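Undergrad: Attaching a predicted model along with its sequence, questions to come.
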Amino acid sequence: MDALITAAGKGTRANLPENMRKEMLPVYSIRNNKIVLRPVLDCIIYNLNKINIKKFFVILNKNDNATENYLKSLNYNIEFIYQNKPDGFGKAVLLGKDYIKKDFVLNAGDGIVLNENKMRLAIDLYKNKNNNVLTLMKVNNPKNYGIATVDKDYISKVEEKPVNPQSNYALAAFYILKNEIFNYLKYDELTPAINEMIRNNIKTNYVKINKYEWASIGNSNNYYKILGRTHNYYNKLFP
């Protein structure tokens with residue numbers, strides 16, 4: 001299975017200098033049984049590779065030479081897809097249509113599932129059910145997230161930042177998606193496309209994670225929290 005990683009957004013919420021991407025901010029990771037600092041994108045690819053993802057399609061801004069050069073220095077099978085201008089998560093994912101011909105893993109370039117076992121669980125669930133698999137976490141402020149409504153083993157509805165959330169299960173930006181998703185991507189956001197798949201009887205399963213198992217750099221104000229979260233998570237594994 002291949003992976004699509006989006007890393008070409010505006011980054012306006014991050015409040016960073018023009019040529020510095022939040023996807024390249026360092027967070028803690030484990031390498032050779034040691035806690036080290038690596039860019040977020042590096043950690044995403046490293047973690048996905050550990051669950052047997054071998055090919056990576058990375059969506060970059062066409063002028064982002066620094067990120068591209070860094071990723072080229074890594075020992076992975078990476079192919080770059082260039083986006084002329086930021087146009088929303090859904091439009092970025094749609095760029096993968098001409099490259100990815102099978103079901104795939106999708107990961108936003110600024111977020112990491114820290115628990116490798118939960119990622120493996122999602123892969124195994126996909127293999128057993130052959131459905132979409134989304135990653136869910138309980139949050140206290142569901143109006144700020146894409147939200148899923150759960151019916152037993154399946155997701156019955158997803159909404160992007162709903163005014164009146166029907167649950168407090170937020171979507172973490174690690175997905176396993178059927179290739180048919182490309183037929184539904186007519187929106188700036190990904191969530192409405194997934195919801196249309198559900199409405200068209202394309203079943204969608206889920207794996208629950210704890211919020212501390214998801215590290216996402218939404219803006220620069222919470223970067224220090226994410227840095228601390230990654231350190232604390234791995235420090236418990238390797239005290």
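TA: Sure, I can see it. Numbers count the residues shown, from 1 in each chain.
Undergrad: who touches the element among helices and strands of the chain having the smallest mean pLDDT?
TA: Ranked by mean pLDDT, DSSP states H and E, the helix or strand of the chain with the weakest confidence is helix 223-237, at a mean of 90. Helix 223-237 has contacts (Cβ atoms under 8 Å, 6 or more residues apart in numbering) with 14, 22, 25-30, 35, 112, 114, 212-213, 215-217. Quick note: C-beta positions are derived from backbone N, CA and C, even for glycine.
Undergrad: Which positions in that helix come out as buried?
TA: Residues of helix 223-237 classed as buried under the neighbour-count rule (16 or more other Cβ atoms under 10 Å) are Y223, I226, L227, R229, T230, Y233, Y234.
Undergrad: again with stretch 23-32
TA: E23, M24, L25, V27, Y28, S29, I30.
Undergrad: Kindly report the same for stretch 145-165.
TA: Quick answer for stretch 145-165 (16+ other Cβ under 10 Å): 145-150, 155, 157-160, 162, 165.
Undergrad: Present the buried residues of helix 223-237 as CSV; the columns should include distance to T6.
TA: Shown next, in CSV, are the buried residues of helix 223-237 (distance: Cβ to Cβ, whole Å):
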residue, distance to T6
Y223, 19
I226, 18
L227, 22
R229, 21
T230, 20
Y233, 23
Y234, 25
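Undergrad: Nearest to N75 among the buried residues of stretch 23-32?
TA: S29 (15.4 Å; Cβ to Cβ).
Undergrad: contacts for the helix or strand harbouring that closest one?
TA: Assessed by DSSP states H and E, S29 sits inside strand 26-31. The contact list for strand 26-31 (Cβ under 8 Å, 6+ apart) reads 35-40, 42-43, 46, 112, 215, 217, 226-227, 230-231, 233-234, 237-238.
Undergrad: Taking the contacts of helix 223-237, tell me the two that lie furthest apart.
TA: Between any two of the contacts of helix 223-237 (Cβ to Cβ), the greatest distance is 25.0 Å, for A14 and I30.
Undergrad: Quick one: the helices in the protein, in order.
TA: 40-50, 65-72, 89-94, 116-129, 191-199, 223-237 (DSSP state H).
Undergrad: on contacts alone, who are the packing partners of the second one?
TA: Packed against helix 65-72, as judged by 3 or more Cβ pairs under 8 Å, 6 or more residues apart in numbering; DSSP states H and E, are the following elements: helix 40-50, strand 55-61, strand 77-83.
Undergrad: residues near T6, how many?
TA: 26 (other Cβ atoms under 10 Å).
Undergrad: List the buried residues in stretch 204-213.
TA: T204, N205, Y206, V207, I209, E213.
Undergrad: pLDDT (mean, whole number) over that stretch?
TA: If you average the pLDDT over stretch 204-213, you get 96.
Undergrad: again, but for stretch 84-103
TA: 92.
Undergrad: Likewise for stretch 3-21?
TA: 68.
Undergrad: With stretch 55-73 instead?
TA: 95.
Undergrad: Just give me the longest strand of this structure.
TA: strand 169-177 (DSSP state E).
Undergrad: Parallel or antiparallel, list what pairs with it.
TA: strand 104-108 (antiparallel), strand 132-138 (antiparallel), strand 146-151 (antiparallel) (DSSP bridges).
Undergrad: Next, the angle from it to helix 116-129.
TA: Going by axes from the mean of the first three to the mean of the last three Cα atoms, to 10 degrees, strand 169-177 is angled at 60 degrees with respect to helix 116-129.
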